[in-house]
Each structure stands twice: as structure tokens, then as C-alpha cells.
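[1] no FASTA, just this:
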């Protein structure tokens, strides 16, 4: 028989998720299983279809250990069913997982296609949000910019070797590390320095150069990545993911939205996002893409959460009339629009300098009112002669703010928090915040793999038990698999 010890698979029930995973691989992923795998070892390569099924099933069952997965292919009938009785080593599991990393983005798109085929959703409303993923690098394993410059000069021969004694311990350890050649050290240091110039930060991690210092929800700085996700509001399915190195969410919405529309195959009607995406670039992108956006500004977001600032001078406690262009402060004085100007917005990235849409600044003030105001001692500092208010936004951005004041927009915006649901599930059950991988490329691939597993589980929960067992195509597939592996005595 095909199994090493077991002759039947009668202990596997027909509603086991292994059949759904195999159905997904055979129906949607065969294009990813036709490529040749060339290894330097003499043994023949393992079948791609079986290895993809093994990797997906292990993630669906929330098992990430390569050693345990390899052991299960020898002892567990479910894993034997996937591998058709072929035992694998832990090295093979790791090697093939790395092989499929560039294809996980396309396979994630196939889970979205499967949801369309099952008619689970029409993808009318989507939500975009970001969350920090901790990098696999200790916060103490970093090299400062100053030490980095000196290390490069020492390795180039521009400074004496005795200068190394003046550097911090991490820089000294890097210099005396015997596992790297002189050329490898210099190339790595120059890459580190280039990353620092792009990020503008003061230190760079040694083990994971692509990671950045970011603040978490507890306002603590950590070496992290910024995970951007687009989620369908109706089914909570993940439509696309994108690993960003930007500490804030400002400019990543167009990238993850384009990836999601590529997977879905058409434009969305409505897109919801929080105040972190309220900027000219996003508003301009939504207009050009002809997508109806629902994005509040920071004040509106705090108003929805009932968390407005207490300080009476704050813009949270003034009345802004965008149409007639004046602001009424907490003391009741009107501050008209004095002038408007544009501020150039340029950002350095790994692919060069990117020029974003200019920031539009509107300045409101009333110097005469401030001179006669009863609260001027509390409102103004010693160096201030009058209070001025700065409001950012072009006409298109102000139109968005006015729209978000309407009851219809507020009701629609209540759908936005669904994007938090996959984050909670994946961090709790899929160990998303404890990924033992380094580098943006590999992190992106593993996040896509875990998103595939999440989507498969989600689709099974949405269609079971009625629709799936009424699906004749799926039932015929299950019985074909069972009949194939039962050894008749």
C-alpha cells in the first residue's frame, strides 16, 4: 500500500479539512506545481503538489515546526495522505517552504478566487489597516551611525585599527567576527549605512537590516515591520498583504489596495481606513482609481471613539467652517483664513527619492481678537502675540472631511474595525508576532502563507456544513481521494 504502517484511512472523517486543502491545491494551485526544482543533491526532487499540500495543511493546522511536520509524515495518517506515504526530512520541509515563498502571493490570490467561486461575497466594501510585526532582532543588537562610519573607514584602511577600541561593544564584535571575510563585512556595512540614510534613524539592527525602529501601541520603540492588510468587510477574508518599512501608515494604502484589486479582478466600490491614511496622496489615489473612500481626519476619529482632547486650545474643541473658511475658537472669536500655501513633500526610499503630492496648509488667525481676549494669559505663551490654527488639506481632502460628517458616512465607517479581526486571530493562533525569520522578502512570504491558512479556515467556516457537502464537485473529489488510498484486502 501507499502507507508505511497503516493500510486504510478509515480514521479520517470525510469532513476533515485535509480534503479541502487537497481540493484547493488540485483545483487552484496546479500552475504553481509544474515548475522544476533543481537541487545539488543526488536524490530525486519531491513532488511539488504534495509538498505544497503539506506546507499549507501544516499552517492550516497551526503547526510551523519543520521537525514535527517531518515526523508527522512518518506517523500521522493525515500527513501520510497528503504525501502519499512519502516520508520527508525537516530539511526538505524548510527547503520547499523557501522555494514557495515567491509564489505565496499568487496562492493567496487563489483563495480569493475560491471565495468568488463559492459566491461568499461581492467584495463591495473593503477595509485597510496596518499593524507592527516585531523583527527577529534584539533591540540591543544594533550599530550606531557614528560607529558605522568609523568601521567603514577602518576596513577601507583610512583609519588605524586602534580606533576600534573607541567604538561600542557591538561594533567591536562585528569587526572581530571571524565568520565573515573582510569584503563581506565592508559590503554589509555599506548596505547598513545606505539603509540608515533612507530611514533617517540613528542605529541599524545587525541581524535584520531591513527592520526599522517603530512605536507600538504602548508607545515603546521596537525593531519592527509595518504589515498592511486589505480585508473584505463582509467575510473578513484577507485580500492582500504588504510588508512596509515605513513607521507610519501614511503612504502604503495604494500599494496594498492595488494588490487586493489584482487578486479580486475588479475595483472595489468602497474603501474604509482610519485617520492614519488621511493625506493628499491617498485622497488623490482614490479619486484617480474611482473608489469611494471613507477616511476621517484625526479629530473625527477621536470623536468617533469619544476621546477628544481636553485642552480647550486644541483643534478638537474649535468649530471649523470649511466652506466659509473660518474657525471659531473656544472663546467664541472668529479666526478667518489668512493665507494658504503648498509645502513640497519628498521622501527617500530604497528605490530612490519619491515626490509625493504637495502638502496644502491653511493658516487661520485673528490678532485683534487675541489681544482683547479674556483667556489670552491661559491661551498664549510669553513669546506668542496671537493664536493661529493650521489646517491641512486641499479641496478634495476637505470634501472628504465634510462627507465624513454625514450620518450615512458615519454608518458606513462602522464596518472599518473588521480589519482588526484577522490581526487578532493570526497573532493569537498563527504566531504572527513571533516569526523566526529575517529580511523583508522572507517575512512577506511567510505572512502571505499564514494569510492563506487563515483564508482557508475562514472559507471552510463560511461554507460548512451545508454548502460544502451539497457541492457535487467537492464530494466527488473527496471520494476519489479516499478510494485512491484505501488498500483493498
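    Arrived safely. Nothing here was measured: the structure is a model prediction, and the numbers come from that model.
[2] could you say what helices and strands the longest strand anywhere in the chain packs with?
    Scanning the chain for the longest strand, with DSSP state E as the assignment, gives strand 334-349. Here strand 334-349 touches helix 182-199, strand 326-328, strand 352-365, strand 388-392, going by 3 or more Cβ pairs under 8 Å, 6 or more residues apart in numbering; DSSP states H and E. Every residue, glycine included, has its C-beta placed from N, CA and C.
[3] Need the three-state assignment for the closest residue in space to residue 317 that isn't next to it in sequence.
    Leaving aside its sequence neighbours, residue 317 sits nearest to residue 330 (Cβ to Cβ, 6 or more residues apart in numbering; 5.2 Å). Three-state call for residue 330 (DSSP: H, G, I helix; E, B strand; the rest coil): coil.
[4] Check residue 284 too.
    Under three-state DSSP, residue 284 falls in the helix class.
[5] Next, work out how far apart it and residue 398 are.
    14 Å (Cβ to Cβ, to the nearest Å).
[6] just for the chain, where's the confidence low?
    Applying pLDDT under 70 to the chain picks out residues 1-11, 35-44, 348-354, 464-475, 477-489.
[7] Give the burial count for residue 287, as a bare number.
    By other Cβ atoms under 10 Å, the residues close to residue 287 number 13.
[8] so where does it fall, helix or strand?
    Assigned by DSSP states H and E, residue 287 falls within helix 280-289.
[9] Run through the neighbouring helices and strands of whichever helix or strand comes after that helix.
    Next helix or strand after helix 280-289 toward the C-terminus (DSSP H and E): strand 292-294. Applying 3+ Cβ pairs under 8 Å, 6+ apart, we find strand 292-294 packed against strand 270-273, helix 280-289, helix 407-413.
[10] what comes up buried for strand 292-294?
    Within strand 292-294, the residues scored as buried using 16 or more other Cβ atoms under 10 Å are 293-294.
[11] after that strand, next one along is what?
    Moving toward the C-terminus from strand 292-294, the next helix or strand (DSSP H and E) is helix 298-304.
[12] Pull up the pairing partners for whatever helix or strand comes next after that next one, direction included.
    Per DSSP H and E, the first helix or strand lying C-terminal to helix 298-304 is strand 319-321. Using DSSP bridges, strand 319-321 pairs in its sheet with strand 326-328 (antiparallel).
[13] Give me the distance between the partner strand and the centre of its chain.
    Mean-position distance between strand 326-328 and its chain equals 39 Å (Cα atoms, centre = their mean, to the nearest Å).
[14] So which residues make contact with it?
    Strand 326-328 is contacted from outside by 318-321, 334-337, 364, 389, 391, using Cβ atoms under 8 Å, 6 or more residues apart in numbering.
[15] Repeat the analysis, applying 10 Å as the threshold.
    With contacts defined as Cβ atoms under 10 Å, 6 or more residues apart in numbering, strand 326-328 is touched by 315, 318-321, 333-337, 362, 364-366, 387-389, 391.
[16] still on that earlier bit, could you list the buried residues of the longest strand of the chain?
    Those would be 335, 337, for strand 334-349 by 16+ other Cβ under 10 Å.
[17] Partner strands of that strand and their direction?
    Applying DSSP bridges, strand 334-349 is found paired with strand 326-328 (antiparallel), strand 352-365 (antiparallel).
[18] Next one: residue 285 relative to residue 410, how far apart?
    According to Cβ to Cβ, residue 285 stands 23 Å off from residue 410.
[19] I should have written residue 188 there, sorry.
    Counting by Cβ to Cβ - residue 188 and residue 410 are separated by 51 Å.
[20] and what of residue 264?
    The value you get for residue 264 to residue 410, if Cβ to Cβ is used, is 26 Å.
[21] which stretch among the helices and strands packed on strand 292-294 comes nearest residue 309?
    Closest of the helices and strands packed on strand 292-294 to residue 309 is helix 407-413, at 20.1 Å (criterion: Cβ to Cβ).
[22] For that closest one, name the packing helices and strands.
    With contacts defined as 3 or more Cβ pairs under 10 Å, 6 or more residues apart in numbering; DSSP states H and E, the packing partners of helix 407-413 are strand 270-273, strand 292-294, helix 298-304, helix 395-403.
[23] and with 7 Å instead?
    strand 292-294 (3 or more Cβ pairs under 7 Å, 6 or more residues apart in numbering; DSSP states H and E).
[24] hmm, who's touching the strand it packs on?
    The contact list for strand 292-294 (Cβ atoms under 7 Å, 6 or more residues apart in numbering) reads 269-272, 286, 400, 404, 409, 412-413.
[25] Check which residues of stretch 136-144 are buried.
    Within stretch 136-144, the residues that qualify as buried are 136-137, 142-144, counting by 16+ other Cβ under 10 Å.
[26] wait, which of those is closest to residue 92?
    The closest of these, once distances to residue 92 are taken by Cβ to Cβ, is residue 136, at 22.8 Å.
[27] Return the residues in contact with that closest one.
    207-208, 435-438.
[28] State the distance from it to residue 419.
    25 Å.
[29] Look at residue 285 and residue 410 and report which has more neighbours.
    Legend: neighbour count by other Cβ under 10 Å for residue 285 and residue 410, higher for residue 285 (21 against 15).
[30] Name the single longest helix found in the protein.
    helix 440-463 (DSSP state H).
[31] thought residue 127 was touching residue 416?
    Yes - counting by Cβ atoms under 7 Å, residue 416 is a contact partner of residue 127 at 5.0 Å.
[32] Much appreciated, bye for now.
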